[in-house]
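Engineer: Turn this into a structure:
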Amino acid sequence: MGGLTHSMTATASTKRSPDAAGGKVGARETHLSGVKITPLMPASRDTVQHPAMQAGTYVLWEAYTNCHTHTDDGVSVTQLPDIVEGRDLLVVDGTEYVVQYVGRWPAVGSLGAYLQIVVREYKP
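Structural biologist: Down below sits the predicted model:
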């Protein structure tokens, strides 16, 4: 887990709309904060060519994270971050990105379970 943990030098938060009430969905609110991720980097060729990523012409970025302490709806937790593709926005350095894909990778050897997060720029 050391290699990934040492590479997680960026901090992100997520925004999520609350569940619908009375048929209406509210504005997105901060859901997670203090999420440690690797710096966003251009998505790999394999990621870009994956069929799930072919829903438009976007510049895709990816980052990775693992189990660590962060805030989930105001409560400090130590777990893999609860990031939901298609529902959440990932906020890094004040820029919002649509979470396009979240891949959960199992623990392998000394590397604990981690998430691959693929995002694209958000244009409201």
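Engineer: okay but residue 33 is in contact with residue 75, surely?
Structural biologist: No: Residue 33 lies out of contact with residue 75 (CB atoms under 8 Å); the separation is 10.9 Å. Backbone N, C-alpha and C define where each C-beta goes, glycine included.
Engineer: Between the two, tell me which one has more neighbours.
Structural biologist: Using other CB atoms under 10 Å, the more surrounded residue of residue 33 and residue 75 is residue 33, with 15 against 7.
Engineer: measure the more buried one to residue 41 for me?
Structural biologist: In this view, residue 33 and residue 41 are 22 Å apart by CB to CB, to the nearest Å.
Engineer: Could you do residue 84 as well?
Structural biologist: Distance, residue 84 to residue 41, using CB to CB: 22 Å.
Engineer: try residue 123
Structural biologist: 21 Å.
Engineer: now residue 91
Structural biologist: From residue 91 to residue 41 the distance is 17 Å (CB to CB).
Engineer: between the two, which one's more packed in?
Structural biologist: Using other CB under 10 Å as the criterion, residue 91 and residue 41 rank with residue 91 on top: 20 against 10.
Engineer: list the contacts for that one?
Structural biologist: Residues in contact with residue 91 (CB atoms under 8 Å, 6 or more residues apart in numbering) are 12-15, 97.
Engineer: before we move on, what about residue 26?
Structural biologist: Per CB under 8 Å, 6+ apart, neighbours of residue 26: 17-18.
Engineer: How far off centre is the helix or strand that residue 11 is a member of?
Structural biologist: For residue 11, the enclosing helix or strand under DSSP states H and E is strand 10-16. With CA atoms, centre = their mean, to the nearest Å as the basis, strand 10-16 stands 7 Å off its chain's centre.
Engineer: Repeat that for stretch 110-124.
Structural biologist: Between the centre of stretch 110-124 and the centre of its chain there are 4 Å (CA atoms, centre = their mean).
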